[in-house]
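Asker: please find the sequence and the predicted model below.
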Amino acid sequence: MSIYDFTVKTAQGDEKSLGEYKGKVLLVVNTASKCGFTPQYAELQSLYDAYHKKGLEVLAFPCDQFAHQEPGTDAEIQSFCQMNYGVTFPVFSKIDVNGKNAHPLYKYLRNQKKSVLGNSIKWNFTKFLVDQQGNLIERYAPSFKPSEITPEIEKLLA
């Protein structure tokens with residue numbers, strides 16, 4: 001089993017295989033529009049701008065499981081991200097990351113790299129760094145700024 005075995009839903013409702021990202025470095029993030037960490041969208045976009053052509057993909061998964069901080073529809077979330085942060089990386093359909101309805105991708109990621117709280121996601125903007133072969137390299141807490149991941153991304157892309 002690898003990250004490439006999962007299918008996710010785009011904000012437009014289409015199914016997308018993560019196998020399409022084979023050979024890319026992935027930064028997978030659960031996001032929210034009304035969170036104290038929401039300004040991280042700007043840093044995520046900066047990383048995407050700087051490293052996308054070299055092989056980085058940022059994959060955002062909106063989630064409304066933490067203090068109802070992502071109440072919008074998929075269309076509203078897309079509009080918010082583009083208007084407020086100029087987001088051009090994929091922002092997928094809203095999912096659950098914890099609990100019995102957690103998306104299988106997040107069940108997999110959580111079990112690959114546990115945090116101090118076990119395998120559950122602590123809050124919005126938990127980040128997972130995946131190498132070009134689909135191996136989960138690191139899990140970063142919500143407070144860990146995307147820009148601080150730059151050295152690891154550069155190492156993987158070198």
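Answerer: Now that the structure is in, tell me what you want to look at.

Asker: show me where this structure has its strands.
Answerer: Using DSSP state E, the strands found in the chain span residues 7-9, 15-17, 25-31, 56-62, 127-130, 136-140.

Asker: report how many residues lie close to residue 120.
Answerer: 14 (other Cβ atoms under 10 Å). C-beta coordinates here come from the backbone N, C-alpha and C atoms, glycine included.

Asker: next: the one 3 residues further on.
Answerer: Here the neighbour count serves as a burial measure; for residue 123 (other Cβ under 10 Å) it reads 19.

Asker: what sits against the nearest residue to it once chain neighbours are set aside?
Answerer: Spatially, and ignoring its direct neighbours in sequence, residue 123 is nearest to residue 142 (4.4 Å; Cβ to Cβ, 6 or more residues apart in numbering). By Cβ atoms under 8 Å, 6 or more residues apart in numbering, the residues touching residue 142 are 37, 122, 123, 124, 125, 126.

Asker: tell me what the lowest-mean-pLDDT helix or strand in the chain is packed against?
Answerer: Every helix and strand of the chain was ranked by mean pLDDT, DSSP states H and E. The lowest is helix 104-112, at a mean of 92. The contact analysis (3 or more Cβ pairs under 8 Å, 6 or more residues apart in numbering; DSSP states H and E) places helix 104-112 against strand 25-31, strand 136-140.

Asker: quick one: low-confidence parts of the protein?
Answerer: 114-118 (pLDDT under 70).

Asker: change it to 80
Answerer: With pLDDT under 80 as the threshold, the chain has low-confidence stretches at 113-118.

Asker: ranges for the helices of it?
Answerer: Counting by DSSP state H, the chain has helices at residues 40-51, 74-85, 104-112, 150-157.

Asker: nearest to residue 5, of these?
Answerer: If you check each of the helices of the chain against residue 5 by Cβ to Cβ, helix 104-112 wins as the nearest, at 8.4 Å.
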